[in-house]
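>>> Need the 3D shape of this:
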Amino acid sequence: MSNVESRPEEIECEAGGAPGGPEPGGAAVEILTSREVPLGGPRAMTVRRTLPQRQRSLIGAWCFVDHYGPDDVTASGGMDIPSHPHTGLQTVSWLFEGEVTHHDSGDNHAVVRPGELNLMTSGAGICHTEVSTQDTTTLHGVQLWTVLPERDRESSGRGFDHYVPEPVAFEGGSALVFLGSLLGSSSSITTFSPLLGAELRLDPGAALRLDVDPEFEHGLLVDAGDVTLGGVTVEPAQLGYTGVGETSLTIRNTGSTQARMILIGGTPFDEEIVMWWNFIGRTHDEIVRYRQEWEAGADRFGRVHGYIGHDPDGLTRLPAPTLPGTVLTPRANPAARAQTGRPS
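Purely as a prediction, here's the structure:
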C-alpha cells in the first residue's frame with residue numbers, strides 16, 4: 001500500500017503513556033492510538049494508521065501499520081492505488097475480507113485473499129499497484145511494512161512471497177502465524193530480521209497466555225472485540241505495545257463477541273532510518289535522490305504491467321509529493337520498553 005498523503009509528515013518520536021496499568025505480574029503496556037488517513041480520490045477509502053507516529057516509530061523492524069475496514073466498497077470506491085514506488089522495505093498484505101489484485105515491477109502478479117500472506121520485497125527499488133477486485137463488496141484488513149537492514153536493502157532484489165498458514169487451534173480460539181513462530185507453528189517465509197506476525201481470534205470470555213521471546217518487543221493491534229493485554233484495555237484500532245524482557249503475554253476477550261487481533265513482534269531495530277512517503281533510506285540526500293529518480297522514470301523502480309484501475313481516466317502512476325523545506329532527519333525511537341506513565 002502507498003502512503004498517498006500529499007504532505008507526508010516528518011515525525012519526531014516522544015514518550016507516551018497508557019491508561020490504567022498492567023495486571024499484577026503482567027506485562028507493562030503502552031497504548032498507541034491511530035489517526036485516520038484517506039487513500040486519495042473523491043471517494044477516498046480511509047485507513048487507521050498506528051505506526052509510525054510521534055509516540056513510537058518502530059516495533060522490531062515493523063515500521064508501518066495501516067488498518068482498514070470493514071469498508072463498503074460501493075460507497076468508498078474501494079482500493080485503487082496506481083503504480084507507486086518503494087525502497088528499503090517489505091510490504092506485508094493481510095486481509096480479513098475482500099480481495100485485492102497486486103502487480104509489481106518484479107513481474108509478480110497475484111490476488112491477495114483473506115488468510116493468505118502476500119509479502120513484497122523492494123530491494124533497491126520496486127513499484128506496484130493494488131486494486132480491490134470487481135466482485136469485492138467489503139474490504140477489511142491490514143497493510144504493514146518492515147524495514148530492510150542496511151546489509152540487505154540494496155542486495156535483496158525485487159521479491160515476492162505467498163504463504164497460506166495452517167490454522168492453529170487452542171482452547172478458546174485460533175491463530176494464523178504468517179511470519180516467525182508462535183504456538184508451535186512456524187511460517188516458511190524467510191525474513192531479514194527476527195520477526196513475528198500472526199492473526200489471533202479469541203472466543204467470548206476466553207483468555208490466552210502466550211509464551212514469547214524476551215528479546216522481542218510486541219504490538220497487539222485490535223481489529224474487533226473487547227480485549228485486554230496484561231490487564232490493560234486495548235480498544236479496536238489501537239495498538240498495545242510491550243517492550244523487551246517479557247516472557248509471556250496474557251490476552252483476554254472480556255466481551256460477548258469474538259475478538260480478532262494482529263500480533264506483531266521483533267528484536268529492536270537499532271539502525272537509524274529516514275522514512276518519507278514510500279521511501280526508506282538512511283540520509284536526506286538518499287530520499288531526495290529516490291524522489292528524483294521516481295519522477296524521472298528511472299530504472300531503479302522498473303515498470304508495472306497489468307494494472308487496470310477502477311477509473312479509466314484516472315492516474316496510472318502516482319507523482320511524488322513535494323519534499324519539505326527542511327532536512328529530513330533520522331527517526332528516533334524510544335527505548336524498547338512500554339511507556340505507561342508510571343514510575344519504573
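
>>> going forward, measure contacts between C-alpha atoms and count neighbours the same way
Will do.

>>> what's the pLDDT at P85?
In the prediction, the pLDDT value recorded for P85 is 98.

>>> Spit out the contact partners of it.
P85 makes contacts with 2, 125-128, 278-279, 294, 301, as judged by C-alpha atoms under 8 Å, 6 or more residues apart in numbering.

>>> and P334, how many neighbours?
Neighbourhood size, P334 [other C-alpha atoms under 10 Å]: 17.

>>> That one contacts R56, doesn't it?
Yes: P334 is within contact range of R56, at 6.5 Å (criterion: C-alpha atoms under 8 Å).

>>> in the chain, which ranges drop under the pLDDT threshold?
Low-confidence segments of the chain (pLDDT under 70): 1-25, 40-44, 341-344.

>>> Domain ranges for it, per the record?
The chain breaks down into these domains under automatic domain parsing: 34-164+290-297, 167-266.

>>> Give me the neighbour count for H162.
Neighbours of H162 under the rule other C-alpha under 10 Å: 17.

>>> For it, give me its contacts.
By C-alpha under 8 Å, 6+ apart, the neighbours of H162 are 116-119.

>>> In helices, which of those residues fall?
Among the contacts of H162, no member falls in helices (DSSP state H).

>>> what about the residue most central in space within the chain, helix or strand, and which?
Geometric centre of the chain, nearest residue: L144, 1.8 Å, by C-alpha atoms, centre = their mean. Following DSSP states H and E, one finds L144 within strand 138-147.

>>> For that strand, list every residue counted as buried.
Buried positions in strand 138-147, judged by neighbour count with 16 or more other C-alpha atoms under 10 Å: 138-147.

>>> Which neighbours in the sheet does that strand have, and how are they oriented?
Strand 138-147 has the following strand partners under DSSP bridges: strand 62-72 (antiparallel), strand 89-97 (antiparallel).

>>> and those as TSV, adding mean neighbour count and distance to P324?
Shown next, in TSV, are the strands paired with strand 138-147 (neighbours: other C-alpha atoms under 10 Å; distance: least, C-alpha to C-alpha, whole Å):
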stretch	mean neighbour count	distance to P324
strand 62-72	21	20
strand 89-97	23	22
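
>>> still on that earlier bit, return the member of the contacts of P85 nearest to T257.
Nearest to T257 out of those is S2 (C-alpha to C-alpha; 32.7 Å).

>>> Could I get the full set of helices for the protein?
73-76, 150-153, 284-295.

>>> Excluding sequence neighbours, find me the nearest residue to L263.
Excluding its sequence neighbours, the residue lying closest to L263 (C-alpha to C-alpha, 6 or more residues apart in numbering) is L220, at 4.6 Å.

>>> is that neighbour in a bridge, and if so with what?
Bridge pairing for L220 - DSSP bridges - gives G240, L263.

>>> Next, find the distance separating it from I251.
Counting by C-alpha to C-alpha, to the nearest Å, the gap from L220 to I251 is 9 Å.

>>> higher neighbour count, the two?
More crowded of L220 and I251, by other C-alpha under 10 Å: L220, with 28 against 22.

>>> Isn't that one up against L239?
Yes: with contact defined as C-alpha under 8 Å, L220 and L239 form a contacting pair (5.3 Å).

>>> G297: neighbouring residues, count only.
12.

>>> Oh, that last question was meant for E171, not what I typed.
10.

>>> who's in contact with it?
Shown in contact with E171 (C-alpha under 8 Å, 6+ apart): A206.

>>> ok, now D71?
D71 makes contact with 45, 78, 138-140, according to C-alpha under 8 Å, 6+ apart.

>>> Please repeat the previous calculation with a cut-off of 7 Å.
By C-alpha atoms under 7 Å, 6 or more residues apart in numbering, the contact set of D71 is 138-140.

>>> now, which of those residues sits nearest S174?
Set against S174, the nearest of the contacts of D71 by C-alpha to C-alpha is H140 (19.1 Å).

>>> Run through the bridge partners of the closest one.
Applying DSSP bridges, one finds that H140 bridges with E97.

>>> Pretty sure it sits against D66.
No: taking contacts as C-alpha atoms under 7 Å, H140 lies outside contact range of D66: 10.9 Å.

>>> if we can go back for a sec, bridging residues for the residue nearest to the centre of the chain?
Beta-bridge pairing of L144 under DSSP bridges involves V65, V92.

>>> now G157: how far from M261?
Using C-alpha to C-alpha, we find G157 at a distance of 31 Å from M261.
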